[in-house]
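[1] The following comprises the amino acid sequence and a computationally predicted model.
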Amino acid sequence: MNRFVLCVVVTLLGVGFGFTEEKEKKKPTDAEIKKAKLDIELWEKVVATYHIKNSKPPKELADAKHYIDLKMNTDPFTSPWGAKYEYDPDGPKNGGKKPDIWVKTPDGEIIGNFPEPKKKDAEKPKEK
C-alpha cells in the first residue's frame, strides 16, 4: 500500500513540475534572435522579389515560397523557437510602404521589420 501511495505522489509531483515548467517562458538566446532577424530580412527580399515579378505583394508568405531556397536545413516559415513568422501585406506598422513581417518570442517580445514603438512620455527622463 505504501508503494502505491509513493508512486501516486511521485507521479503527481512530476505532473505538477511539468505544468510549472510549461508555464515558464524561455527567453531566446542571442543567436536565436539573430537568426530570426536574418530570417525576416530574407523574407523581406523574397516578398520584394515576388512583388516585382507579380506587380503585387503575396497575400501570405507561403505564396512566395518558390522564391526562396528550400534546400536549407531549417524551415523558413518557423523561428528558431518554433513560432511561425507572421505577415501582413498591408504593412500598417511600416506605414503601408512595405509588408510587415514579424515573430513573437516565447517571452513576448516582437521581432519585426518595422520600427520599434516609441517610448511613452512617462518613460522619458524627468527634467530638473
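    The structure has been received and is ready for your questions.
[2] In contact with residue 105: list those residues for me.
    Residues near residue 105 by C-beta atoms under 8 Å, 6 or more residues apart in numbering: 27, 28, 33, 36, 79, 81, 83, 111. Bear in mind the C-beta positions are built from the backbone N, C-alpha and C, glycine included.
[3] Which secondary structure element of this structure has the lowest mean pLDDT?
    None of the helices or strands of the chain scores lower by mean pLDDT, DSSP states H and E than helix 2-23, at a mean of 48.
[4] Just the buried residues of the very next helix or strand once past that one, please?
    Past helix 2-23, heading to the C-terminal end, the next element that is a helix or strand (DSSP states H and E) is helix 30-54. Along helix 30-54, these residues count as buried under the neighbour rule (16 or more other C-beta atoms under 10 Å): 32, 33, 35, 36, 39, 40, 42, 43, 46, 47, 50, 51.
[5] What's the mean pLDDT across helix 30-54?
    In this model, helix 30-54 has an average pLDDT of 95.
[6] In the sheet, which strands lie alongside the helix or strand just after it, parallel or antiparallel?
    Proceeding N to C from helix 30-54, the next assigned helix or strand is strand 86-88, under DSSP H and E. Using DSSP bridges, the neighbouring strands of strand 86-88 in the sheet come out as strand 100-104 (antiparallel).
[7] average model confidence for the partner strand?
    On average, strand 100-104 scores 97.
[8] Name the residues that touch the following helix or strand past that strand?
    Scanning forward in sequence from strand 100-104, with DSSP H and E defining helices and strands, the next element found is strand 110-112. Contacts to strand 110-112, defined as C-beta under 8 Å, 6+ apart, come from residues 33, 36, 37, 40, 93, 100, 101, 102, 103, 104, 105.
[9] which of those lies closest to residue 67?
    Closest approach to residue 67 among the contacts of strand 110-112 (C-beta to C-beta): residue 101, at 14.0 Å.
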